[in-house]
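>>> Build me a model:
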Amino acid sequence: MEEIQKQHTNKFGNWIKTSITARMLMIGFLTLVLLVPLSFIESLIKERSYRQQDVVSEINQKWGKHVLVYGPILKVPYKTYSETKTYNEKTKTYFKETQTHTNYAYIFPEKLDTKTTVESKTLNRGNFESAVFSTNMNFSGNYIPTDLSAKGIKKEDIIWDQATIIIKTSNLKGIKSEMLLKLNSNTYTFQTNFNDTNSNNHLDILESGFLKKEDITKTENTNFSITMSFNGSQQIELIPIGKTTTMSMTSNWADPSFIGNYLPNDETKTITKDGFQADWKVLHINRAFSQQHLNKIPNLNSFAFGTKFMVMVDEYQKSERSAKYGFLVIGLTFLIFFLIQTMSKINIHPFQYLMIGIALTMFYTLLVSISEHSNFLKAYLIAGISVIALITLYSKSILKTFKFPLFIGISLTALYTFIYVIIQLENYALLVGSIGLFLILATVMFVSRKIDWTNG
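As a prediction, the model looks like this:
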């Protein structure tokens, strides 16, 4: 009885060692097991990416947030009247009482020209960096003589001596120098006007003192100019409130991204490795709001346009995309060893498959850690060469020949090159990936055509 049981045991052990099916099941099981460390590595990449975002956000908060300028807006108070009637029981008559209210009209300039110079740089904290900038924005333009008759407001109801100029901005903290408004020949300073509105589109308000009456009651255009200097980050935007709005921007930033509702003039735009220069022109017929508004300043943030200053190369995003191909790399590498084992009859122990799989997963931890101190290409080369050399040398000790380890080294080099090309591509990644996988499948089918699959 014991002898029969022993024979069954030996038969099963022999089947495990020699059966192609058992070998395929073992490789499949190991591939699934290796998905566990791969998932941990993907979580590590995301955690480092979130940490980078936190650090960048902290740097930007301290240096200065994104810059959005909405102004200058002429704020003109005017009187409105309401009448109430009170019935007197004794006299049997109505008593009329007229109340005077103060409302405000907000008038946009006829012409708004903005010249913006931006000096950008990167700030580092630990392994992370953020793009920040210092900018000077010179605004000039004019207001036409104030006429609110189209809004039903008489000239005698306008309180001329309480008119002010308002500028709204997203980056009060980043303003570097005192702001002086020049209106005709007079100069005005600004004060902050606290607004406790909490919303994502909230803009802080800067308001000048009362304007001199002669500056806004003239029968000809009123010229203005003002300079604002900011420390900021991420992006610069302007809301085109002039009936004709122009903006020119020059910067030493070589990777601008033009954002918002309006793109710069393509004929005058230049981008070089030393920086860029761009010009915008927006007419009043290009946007759906008027030049005069009553009672409140409308929220026009959605009409803003400008430039984004961001570190374009996201190493963590590339590492994450690379790790998503980990299953493919492990599966194809195991397939190469499986075919070599099946065709050459060289025995490869499951432990050796496991070591090879772990070496493949180590590629991604090396990639992430090295890319935090270098660029992605160098990190990819160092991690790839290290892992390919390790597996090739390990294969030499397993397979006892030169040709198979050499073949494995070349195959892994081709595989990692293929993955790198896919990561770099955006529009053609699917096409190149599909063609590559088709060629791999064709190669496997060709190589495995003579294998005797009837052996268990």
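>>> now the strands for the stretch 151-300 of the chain?
For the stretch 151-300 of the chain, the strands defined by DSSP state E, counting those that start in this stretch occupy 164-169, 180-183, 186-193, 204-208, 222-238, 244-251, 257-260, 270-272, 275-283, 292-294.
>>> Can I get these in CSV including mean pLDDT?
Output for the strands of the stretch 151-300 of the chain, formatted as CSV (pLDDT from 0 to 100):
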stretch, mean pLDDT
strand 164-169, 92
strand 180-183, 89
strand 186-193, 86
strand 204-208, 89
strand 222-238, 90
strand 244-251, 94
strand 257-260, 90
strand 270-272, 91
strand 275-283, 93
strand 292-294, 90
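>>> For Leu431, find the nearest of these.
strand 257-260 (25.4 Å; C-beta to C-beta). Every residue, glycine included, has its C-beta placed from N, CA and C.
>>> Flag every buried residue along that closest one.
For strand 257-260, a neighbour-count test (16 or more other C-beta atoms under 10 Å) marks 258, 260 as buried.
>>> between the strands of the stretch 151-300 of the chain, which gets nearest to Ser369?
Nearest of those to Ser369, taken as C-beta to C-beta: strand 222-238 at 26.9 Å.
>>> still on that earlier bit, in CSV: the strands of the stretch 151-300 of the chain, plus distance to Val329.
Converted to CSV, those look like this (distance: least, C-beta to C-beta, whole Å):
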stretch, distance to Val329
strand 164-169, 50
strand 180-183, 62
strand 186-193, 57
strand 204-208, 51
strand 222-238, 36
strand 244-251, 41
strand 257-260, 33
strand 270-272, 37
strand 275-283, 39
strand 292-294, 60
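>>> so which of those comes closest to Lys345?
Ranking the strands of the stretch 151-300 of the chain by their distance to Lys345 (criterion: C-beta to C-beta) puts strand 257-260 first, at 58.1 Å.
>>> any idea how far that closest one is from the chain center?
Relative to its parent chain, strand 257-260 has a centroid offset of 11 Å by C-alpha atoms, centre = their mean, to the nearest Å.
>>> go on, stretch 368-382?
21 Å.
>>> that older thread, and Ala429, which of the strands of the stretch 151-300 of the chain is closest to it?
Closest among the strands of the stretch 151-300 of the chain, using C-beta to C-beta: strand 257-260, at 20.6 Å.
>>> Check which helices and strands the closest one sits against.
Counting contacts by 3 or more C-beta pairs under 8 Å, 6 or more residues apart in numbering; DSSP states H and E, strand 257-260 packs against strand 222-238, strand 305-309.
>>> residue ranges with poor pLDDT in the stretch 351-456 of the chain?
426, 454-456 (pLDDT under 70).
>>> For it, which segments count as helices?
376-399, 403-424, 429-447 (DSSP state H, counting those that start in this stretch).
>>> Reformat those as TSV; add mean neighbour count.
Shown next, in TSV, are these (neighbours: other C-beta atoms under 10 Å):
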stretch	mean neighbour count
helix 376-399	17
helix 403-424	17
helix 429-447	12
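>>> Dump those helices into JSON lines; add distance to Met355 as well.
Output for the helices of the stretch 351-456 of the chain, formatted as JSON lines (distance: least, C-beta to C-beta, whole Å):
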{"stretch": "helix 376-399", "distance to Met355": "7"}
{"stretch": "helix 403-424", "distance to Met355": "14"}
{"stretch": "helix 429-447", "distance to Met355": "23"}
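>>> Good, we can wrap up now.
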